[in-house]
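Q: Give me the fold of what follows.
(one chain, ligands or ions: 1)
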Amino acid sequence: MDISIYPLPADKMKQKISDESQLGFGKHFTDRMLVVEWKPEAGWHNGRIEPYAPFSLDPSCMVLHYSQEIFEGLKAYKWADGRVALFRPEMNARRFNQSADRICMPELPEEIFLKGIEQLVSLEKDWVPSAPGTSLYIRPAMIAVEAGLGVKPSSHYYFFVILSPVGAYYSGGFKPTGIMVEDKYVRAVPGGTGEAKTGGNYASSIKAALEAKQKGYDQVLWLDGCHKRYVEEVGSMNMFFVYGSKIVTAELNGSILSGITRDTVCTIAPTLGCDVEERQIDIEELMADIRSGKVTEAFGSGTAAVITPVGKLCYRNEVVEFGNGEVGEVTQKLYDTLTGIQTGKIRDEFGWIRFVS
Ligand code: COI
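A: Purely as a prediction, here's the structure:
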């Protein structure tokens, strides 16, 4: 399937953000977007890169009522030699289709996902920021656009990709964050949609996040939905706990998002002398291990969050702290290695980089 490239009129071209330290996360969007449509009789068709603009949607369309929607997040990095690199985009293409399957949406050929993103990013190359800690965030999504209020799979979908030059996800930058362990609300249950990257998972997390914010925390750490006992994830990131020279993260159990940065951390940690353990993490045992000093650091991992240090954790009104407000040694080493590979400062021995021509 060829992708048509529509002209970009001068009046649709936006001013680029000159002060890259002010980018924040997901506030600015580039000039163009990719849209591809799906209908049963035509399959994927009408692929086009067109000026970034609002969609015109029927108010009854299914995504607006029943959240038949999935998305992904990946990034493009500007290297010192001017090349633009994508990081493990095939993993996003694969996970997109796993989410599509769970939400009963059509499979998108990985080639359309990958080639479409490469073509779009190539056209928007000048939007990739270069200041340390910045990148071009790529947001692919699929929405159900058939008009009608019956609850069923839609017969018309848009796959679209928008691009946003970004800095740090958390407003404090690479600084320790505060996380509250959530023991009232739940995010996911076995057999639910926790493993899919679908908007509903995030909509249902907002109330807990707001309540945590009112108490002075940046995010909530979800426990399993059945027992409220086992550590799952933070919604915007997977969690790791550092036990000396070992890092421990929750095993993938069907209700945790299979994070690409999580997988990356698990792969590079052994090369830095860190063992990795993926297992069920009992919150009571974890708290005891933090109190006794066995856990020396904690951090989250995600595309948007990169590696985010955690400075304090609150569970049932008990607050435990890590590292006197400083970023821990293991967290820093993993952050430097990950971002070093992504930006070309460290050689990619894993074949994770894909350049945009
Ligand atoms: C990402 O890390 O790309 C995500 O999709 C998380 C989102 C909450 C920003």
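Q: Can you give me the distance of the nearest residue to residue 308 once chain neighbours are set aside to residue 6?
A: Spatial nearest neighbour of residue 308, chain neighbours left out: residue 300 (4.6 Å); criterion: Cβ to Cβ, 6 or more residues apart in numbering. From N, CA and C alone the C-beta is placed, and that goes for glycine too. Going from residue 300 to residue 6 by Cβ to Cβ, to the nearest Å gives 39 Å.
Q: Then residue 186?
A: 44 Å.
Q: One more: residue 232?
A: In this view, residue 232 and residue 6 are 43 Å apart by Cβ to Cβ.
Q: ok, back up a step: which of residue 300 and residue 6 has more neighbours?
A: For residue 300 versus residue 6, neighbours defined as other Cβ atoms under 10 Å are more numerous around residue 300 (29 against 11).
Q: can I assume that one sits in a strand?
A: Yes: assessed with DSSP: H, G, I helix; E, B strand; the rest coil, residue 300 lies in a strand.
Q: need the strands for the stretch 251-357 of the chain, in chain order.
A: In the stretch 251-357 of the chain, the strands defined using DSSP state E, counting those that start in this stretch lie at 275-279, 297-302, 306-315, 318-321, 353-356.
Q: Need phi/psi at the nearest residue to residue 32 once chain neighbours are set aside.
A: Nearest non-adjacent residue to residue 32, counting by Cβ to Cβ, 6+ apart: residue 49, 5.3 Å away. Backbone torsions for residue 49, taken as degrees, to the nearest 10, come to phi -100, psi 120.
Q: Residue 249: which element?
A: Using DSSP states H and E, residue 249 falls within strand 246-250.
Q: So residue 133 sits against residue 169, correct?
A: No: Residue 133 lies out of contact with residue 169 (Cβ atoms under 8 Å); the separation is 10.4 Å.
Q: Looking at these two, which one has more neighbours?
A: With neighbours defined as other Cβ under 10 Å, residue 133 and residue 169 compare such that residue 169 has more, 22 against 16.
Q: Next to the ligand, which bits of this structure? Give me the list.
A: Within reach of the ligand by Cβ under 6 Å from any ligand atom, the chain has these residues: 73, 236, 302, 303, 304, 305.
Q: Including pLDDT, neighbour count and distance to residue 59, could those go into a markdown table?
A: Listed next are those as a markdown table, based on pLDDT from 0 to 100; neighbours: other Cβ atoms under 10 Å; distance: Cβ to Cβ, whole Å:
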| residue | pLDDT | neighbour count | distance to residue 59 |
| --- | --- | --- | --- |
| 73 | 98 | 20 | 28 |
| 236 | 92 | 22 | 30 |
| 302 | 97 | 21 | 33 |
| 303 | 97 | 23 | 32 |
| 304 | 95 | 20 | 30 |
| 305 | 94 | 23 | 34 |
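Q: Please name the nearest non-neighbouring residue to residue 68.
A: residue 144 (3.7 Å).
Q: which residues does that neighbour bridge with?
A: Beta-bridge pairing of residue 144 under DSSP bridges involves residue 157.
Q: Give me the distance between it and residue 26.
A: In this structure, residue 144 and residue 26 are 22 Å apart, going by Cβ to Cβ.
Q: what about these two, which has more around it?
A: Between residue 144 and residue 26, counting by other Cβ under 10 Å, residue 144 is the more crowded of the two (26 against 15).
Q: Check the closest residue to residue 299 other than its chain neighbours and give its pLDDT.
A: Once flanking residues are discounted, residue 299 sits nearest to residue 331: 4.4 Å by Cβ to Cβ, 6+ apart. pLDDT for residue 331: 97.
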